[in-house]
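1. Output the structure for:
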Amino acid sequence: MALRGLFYRLRRTAAHLARFRHIMAVLVKYGFEELAGIMARRFKVGLGSTGLPTARREELAQTKLARRVRLAMEELGPTFIKLGQLLSTRPDLIPADFVEELERLQDRVTPEKIEKIRQEIKQQLGNDPEVLFAQFDPVPIAAASIAQVHRAQTRDGRQAALKIRRPGIVRVIRTELEILEDLAALLKVRMKRAEGFDPQRMVREFAQAVLKEVNLSYEKRNLQRFRQNFADDLTVHVPEIFEEYCTEGILAMEHIDGIKPSQIEQLQKEGYDTKELARRGADFVLKQVFEYGFFHTDPHPGNFLVMKNNVLAPLDFGQVGRLNRQDRFLMQTIVLSIVQGDAEKVLHGLERAELIGDRTDPAELARDLEDLLDSYSHLPLKDIPFGEAIRRGFEIIRLHHIEPPRDFTLMLKCLMTIESFATGLDPDFQIIEHLRPYARKFTVEPIKPSALIRQLGKAAQEAGELAGRLPEDAGAIISKFRRGQFKIHVHHEHLEELDRTLDNSSNRIAFAVIIAALLIGSSMLVAQKGTVLGIISLEALGVAGYLTAAVIGIWLVISILRNRRY
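-> Here you go, the predicted structure:
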């Protein structure tokens, strides 16, 4: 009822009606008459003539569907362009040919008139730019649909780049989002068979992303975090923020003078080391993914400048992703599986991350993964085409209805982008060789004693919580069983190995518990004074406990490594 009420109000809004007519006209122009007709009937909007000249129909018949979708989005304007750009980052949801086309979408807009920009600055900062700054350049150095950038000089002599939100853009985007929500609801009804694609979910995801992007305070927080993460990295320079000039509608940062990484000839002419720049660009992204779990989602050459001494300066921090430790562990599993040709490891990683649902056949998935990895098993590491392997992996993800977290997909797409960035600077660069040390480092990351104690404490707390929940969980299981809703999934492959596996696992768990007990007990003893039976001091007994735990621990690690499958 609420949705019908929304449709009712929208149909009576003149601006919406005019926009609907324009959308339908563009759909007809690019051969989507059926969809335009459905819109006309659903929203009670006149469609007008739907006939296309014969020559136009023949031209459309020779044009691929993905290209027609991309051309239509370009004509529909900035909001639809941004939606297409978002879709291009989701190869887990749409076919590869659509991804390739939508990646070509360009945000081409005419700069806002300077009078309106001055009014926006005055509204945001309380005064005219000529009063606030020693110098203000009225000609923008960059312009996009949401904001444009002007150069300025502060009163204390600092060179600034002012990212200024276009006046009225928030209202325009909210209106466009309402229209997109209506169109998505309509598409969902017409796309019942497309189980792997939910247009309403995509529009909601897009709305969240674009509403963050129009709030420049959000980008400022991202920029602050990047500055903190790379404060000690001499190969990367993240622009300084000028806090006193920042608002929701203005982001003021240090102006960077440099050369775009895509200008290869100029870089070489001025003596820059393009091979080193390729390595630094890859390091910049891989550190974000594996060390910080916070990454720039679009590291293409246009979002960087190269400064003196081969220093990279990243730009535009509006779009970022976040990874938890489980996501990073899954990424590490995928990378090492590609290197080792181990499809079973990928399957176990997906199961551990709970990404395999009821619609996925594990046996079929395993076969497709084996076929994928077998394609590269005969190649030396440096010759494995990482980007191609990931693209084929996305096809498998779509085919088997696997739904990875959005930011995990963005991270994989980000790695494909940085591979293209790096090979543009150094054709011999191999991202997978560069990536493997990060994955291994994440796997064998050392645990400090303090962290170990925290983990043991957390484990004890979780065990206590589990014991407390046990009666309630048991009651829920029994209740489901009585209602006939209890389901058991049995995977009986290699059943003959189950007894040995359980025996080994239980032994390892027992030794791990003994080691933990020795560590905790020894930690208590070494801090005490006194002796046992007047012979052995408590401190010495604690040290002996540490040594015993170390010996058992080393033996346990060797045992695990010997039985580990590579």
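2. Quick check: which element contains the residue nearest to residue 289 when sequence neighbours are not counted?
-> Sequence neighbours aside, residue 295 is the residue nearest to residue 289 in space, at 5.3 Å (criterion: C-beta to C-beta, 6 or more residues apart in numbering). C-betas here are computed from N, CA, C, even on glycine. Using DSSP states H and E, residue 295 sits within strand 294-296.
3. if we can go back for a sec, for the residue nearest to residue 289, grab the count of nearby residues.
-> Residue 295 has 25 neighbouring residues, counting by other C-beta atoms under 10 Å.
4. And it, how far from residue 228?
-> Separation of residue 295 from residue 228 (C-beta to C-beta, to the nearest Å): 14 Å.
5. Heading C-terminal from the least confident helix or strand in the chain by mean pLDDT, find the next helix or strand.
-> In the chain, the helix or strand scored least confidently by mean pLDDT, DSSP states H and E is helix 2-11, which has a mean of 49. Using DSSP H and E, the helix or strand that follows helix 2-11 towards the C-terminus is helix 14-29.
6. contacting residues for the residue lying closest to residue 121 once chain neighbours are set aside?
-> Leaving aside its chain neighbours, residue 121 sits nearest to residue 129 (4.9 Å; criterion: C-beta to C-beta, 6+ apart). Residues near residue 129 by C-beta atoms under 8 Å, 6 or more residues apart in numbering: 118, 121, 122, 136, 150, 152.
7. OK, contacts around the fourth one?
-> Read that as residue 136. By C-beta under 8 Å, 6+ apart, the residues touching residue 136 are 129, 130, 150, 152, 153.
8. 7 Å - rerun?
-> By C-beta atoms under 7 Å, 6 or more residues apart in numbering, the residues touching residue 136 are 129, 130, 150, 152.
9. which ones among those residues are found in helices?
-> Cross-referencing the contacts of residue 136 against helices under DSSP state H gives 129, 130.
10. Tell me the one of the contacts of residue 136 nearest residue 237?
-> When those are ranked by distance to residue 237 (C-beta to C-beta), residue 152 comes first, at 19.7 Å.
11. got a winner among the contacts of residue 129 for most neighbours?
-> Neighbour counts for those peak at residue 121, which has 26 neighbours (criterion: other C-beta under 10 Å).
12. want to throw the contacts of residue 129 into a markdown table with pLDDT and distance to residue 375?
-> Converted to a markdown table, the contacts of residue 129 look like this (pLDDT from 0 to 100; distance: C-beta to C-beta, whole Å):
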| residue | pLDDT | distance to residue 375 |
| --- | --- | --- |
| 118 | 95 | 58 |
| 121 | 96 | 56 |
| 122 | 95 | 60 |
| 136 | 96 | 57 |
| 150 | 96 | 50 |
| 152 | 96 | 53 |
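13. Out of the residues you listed, which comes closest to residue 398?
-> Distance to residue 398 across the contacts of residue 129 (C-beta to C-beta) is lowest for residue 150, with 42.8 Å.
14. quick one: the closest one and residue 282, what's the gap?
-> 32 Å.
15. again, but for residue 373
-> Taking C-beta to C-beta, one finds residue 373 at 23 Å from residue 282.
16. Of those two, give the one with the bigger neighbour count.
-> residue 282 (25 against 22).
17. OK, contacts around that one?
-> The contact partners of residue 282, taken as C-beta under 7 Å, 6+ apart, are 418, 422, 431, 434.
18. ok, which pair from these is furthest apart?
-> 418 and 434 (9.6 Å).
19. Looking at those two now, which is surrounded by more residues?
-> Using other C-beta under 10 Å, the more surrounded residue of residue 418 and residue 434 is residue 418, with 27 against 19.
20. Ramachandran angles for the more buried one?
-> phi -70, psi -30 (degrees, to the nearest 10).
21. burial count for residue 312?
-> Residues near residue 312, counting by other C-beta under 10 Å: 22.
22. pretty sure it contacts residue 283?
-> No. Taking contacts as C-beta atoms under 7 Å, residue 312 lies outside contact range of residue 283: 9.3 Å.
23. Need the residues touching each of these two.
-> Contact criterion C-beta under 7 Å, 6+ apart; residues shared by residue 312 and residue 283: residue 235.
24. residues making contact with stretch 283-292?
-> 229, 235-236, 294-296, 299, 312, 314, 323, 328, 331, 411, 414-415, 418, 435, 438, 442.
25. Name the residues of it that come out as buried.
-> Buried residues in stretch 283-292, counted by 16 or more other C-beta atoms under 10 Å: 283, 284, 285, 286, 287, 288, 289, 290, 292.
26. What about the second one? Give its phi and psi, please.
-> Comment: the main-chain dihedrals of residue 284 come out as phi -60, psi -40, following degrees, to the nearest 10.
27. Tell me how far it lies from residue 274.
-> Applying C-beta to C-beta to residue 284 and residue 274 gives a distance of 15 Å.
28. cool, the third one as well?
-> Between residue 285 and residue 274 the distance, using C-beta to C-beta, works out to 17 Å.
29. hey, where'd the helices end up in the stretch 151-300 of the chain?
-> 169-190, 199-214, 216-229, 264-269, 274-287 (DSSP state H, counting those that start in this stretch).
30. you'd agree residue 104 is in a strand?
-> No. Applying DSSP: H, G, I helix; E, B strand; the rest coil, one finds residue 104 to be coil, outside a strand.
31. Just give the closest residue to it, not the sequence neighbours.
-> residue 70 (6.4 Å).
32. secondary structure element for that neighbour?
-> Assigned by DSSP H and E, residue 70 belongs to helix 65-76.
33. chain center to that helix: distance?
-> 25 Å (C-alpha atoms, centre = their mean, to the nearest Å).
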